[in-house]
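> A structural model of the following input is requested.
(2 chains)
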2 protein chains.
Amino acid sequence: MRIMGIDPGLATVGYGLVDTSRPRYPACVAAGAVVTARDLPIAERLLEIQQDLDGLLREYQPDEVAVEDLFFVNNITTGMQVAMARGCILATLASRGLAVHAYVPMAVKQAVTGSGRAPKREVQEAVRQMLGLERIPKPDDAADALAVALCHQQHRGLRNLVPGRAEGARGR
Amino acid sequence: MRIMGIDPGLATVGYGLVDTSRPRYPACVAAGAVVTARDLPIAERLLEIQQDLDGLLREYQPDEVAVEDLFFVNNITTGMQVAMARGCILATLASRGLAVHAYVPMAVKQAVTGSGRAPKREVQEAVRQMLGLERIPKPDDAADALAVALCHQQHRGLRNLVPGRAEGARGR
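Predicted coordinates for the structure are as follows:
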């Protein structure tokens, strides 16, 4: 089983692929980020996200994909941009026949550190340890995306323990 | 010159095409709406919007496209959904090499009625009159999209009167 985690954004889309064939020792297959040029029109940046993500899906052929859900604090403009990017990501996943598993940031933190309020650095260190990596993956968005993938691994494991809850338990 | 106006949404994307070869008598070429099924996952609805819009672009070959800009009042969830749909629309336009002209709702109302605070019904009646139609186009989203197209016709006309302002004056 190969799980792809995605941390959406307009400037940077983090991605991380985890192999869970040995469930207790998940392995990092790849991690990185799609970065779009700030001087391009938004429409072209969104198109680039779709094209690059599609290339990653073809290259890495994930079995399941988990995407971090929107969660807003202050800036509505940034929120709208992330939502636009997220929409493009979801459509691209659907075009490849992949179902989307969504997790709010708190669920992701909870899954990898045991606390929904863990600071960013702690989440990244947990990712490093769980995947047996020497260093925390860079950029931050890649580490975050790996956390989303690990969160999904955990949730789908739990779902499999509780027959009949498969559809309902998608992290929100 | 054929202008396409788009009124974005997740459940309904209004579109309207206007022929401006006789600038003082713009004509309605087509108007309608892409409607997505409420019982489908959001990712599939977004993909449908992209595919259907792409089909419309191929069929009607607009020279320029104007999209209504986001404007939020209350419901953040609806706002996020509209933003996701809007992102997919923008990426589809970019994939066809079309630049996006964005107008906030107030600019659209101002352009067709002379008042940025005109009620919806008045905007639709203005659209009907400007296009010489017998009835107000249905659904509402189609009429709104035609208003966006007419707004863009007006703005691009103004831009052409003021040399050197072509890039800056995009309605926001």
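
> For the rest of this, base every contact and every neighbour count on C-alpha atoms.
Fine.

> which secondary structure elements does the longest helix along chain A contact?
Of all the segments assigned as helix in chain A under DSSP state H, the longest by residue count is helix A:140-161. The elements that helix A:140-161 packs onto, with contact taken as 3 or more CA pairs under 8 Å, 6 or more residues apart in numbering or on different chains; DSSP states H and E, are strand A:2-7, strand A:12-19, strand A:27-35, strand A:64-68, strand A:100-103, helix A:105-113, helix A:120-130.

> Relative to chain B, which of the ones you listed is closest?
strand A:100-103 (7.3 Å; CA to the nearest CA).

> coming back round to it: the longest helix of chain A vs strand A:2-7, what angle?
130 degrees (axes from the mean of the first three to the mean of the last three CA atoms, to 10 degrees).

> if we look at helix A:140-161, which residues are touching it?
Defining contact as CA atoms under 8 Å, 6 or more residues apart in numbering or on different chains, one finds that helix A:140-161 is touched by A:3-7, A:12-18, A:20, A:28, A:31-33, A:65-68, A:101, A:103, A:107-109, A:111-112, A:123-124, A:127, A:136-137, A:165-166, A:169-171.

> so A:Pro139 sits right up against A:Val34, yeah?
No - applying CA atoms under 8 Å, one finds A:Pro139 not in contact with A:Val34, separated by 10.4 Å.

> Which neighbours do the two have in common?
Both A:Pro139 and A:Val34 are contacted by A:Gly14, under the criterion CA under 8 Å, 6+ apart.

> who's more crowded, the two?
Per other CA atoms under 10 Å in any protein chain shown, whichever of A:Pro139 and A:Val34 has more neighbours is A:Val34, with 20 against 13.

> Show me which residues of chain A sit near chain B.
Residues of chain A found near chain B (CA under 8 Å from any CA of the partner chain) are A:42-47, A:50, A:80-81, A:83-88, A:90-95, A:100.

> switch to 6 Å and redo it
Listed as neighbours of chain B in chain A under the rule CA under 6 Å from any CA of the partner chain: A:43-44, A:46-47, A:80, A:83-84, A:87-88, A:90-91, A:94.

> Export the helix or strand bottoming out on mean pLDDT in chain A to PDB, keeping only CA atoms.
Of all the helices and strands that make up chain A, the one with the lowest confidence by mean pLDDT, DSSP states H and E is helix A:140-161; it has a mean of 90. Output of helix A:140-161 as PDB, limited to C-alpha atoms (Å, rounded to 0.1, in the frame of the first residue of the first chain):
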ATOM      1  CA  ASP A 140       8.300  22.100   5.800                       C
ATOM      2  CA  ASP A 141       5.400  21.400   3.400                       C
ATOM      3  CA  ALA A 142       6.900  18.100   2.500                       C
ATOM      4  CA  ALA A 143       7.200  17.000   6.100                       C
ATOM      5  CA  ASP A 144       3.600  18.200   6.700                       C
ATOM      6  CA  ALA A 145       2.400  16.100   3.700                       C
ATOM      7  CA  LEU A 146       4.200  13.000   5.100                       C
ATOM      8  CA  ALA A 147       2.400  13.600   8.400                       C
ATOM      9  CA  VAL A 148      -0.900  13.700   6.500                       C
ATOM     10  CA  ALA A 149       0.000  10.400   4.900                       C
ATOM     11  CA  LEU A 150       0.900   8.800   8.200                       C
ATOM     12  CA  CYS A 151      -2.300  10.100   9.700                       C
ATOM     13  CA  HIS A 152      -4.300   8.400   7.000                       C
ATOM     14  CA  GLN A 153      -2.400   5.200   7.500                       C
ATOM     15  CA  GLN A 154      -3.400   5.200  11.200                       C
ATOM     16  CA  HIS A 155      -7.100   6.100  10.500                       C
ATOM     17  CA  ARG A 156      -7.500   3.500   7.800                       C
ATOM     18  CA  GLY A 157      -5.900   0.900  10.100                       C
ATOM     19  CA  LEU A 158      -8.500   1.900  12.800                       C
ATOM     20  CA  ARG A 159     -11.300   1.700  10.300                       C
ATOM     21  CA  ASN A 160     -10.300  -1.800   9.400                       C
ATOM     22  CA  LEU A 161     -10.600  -2.800  13.000                       C
END
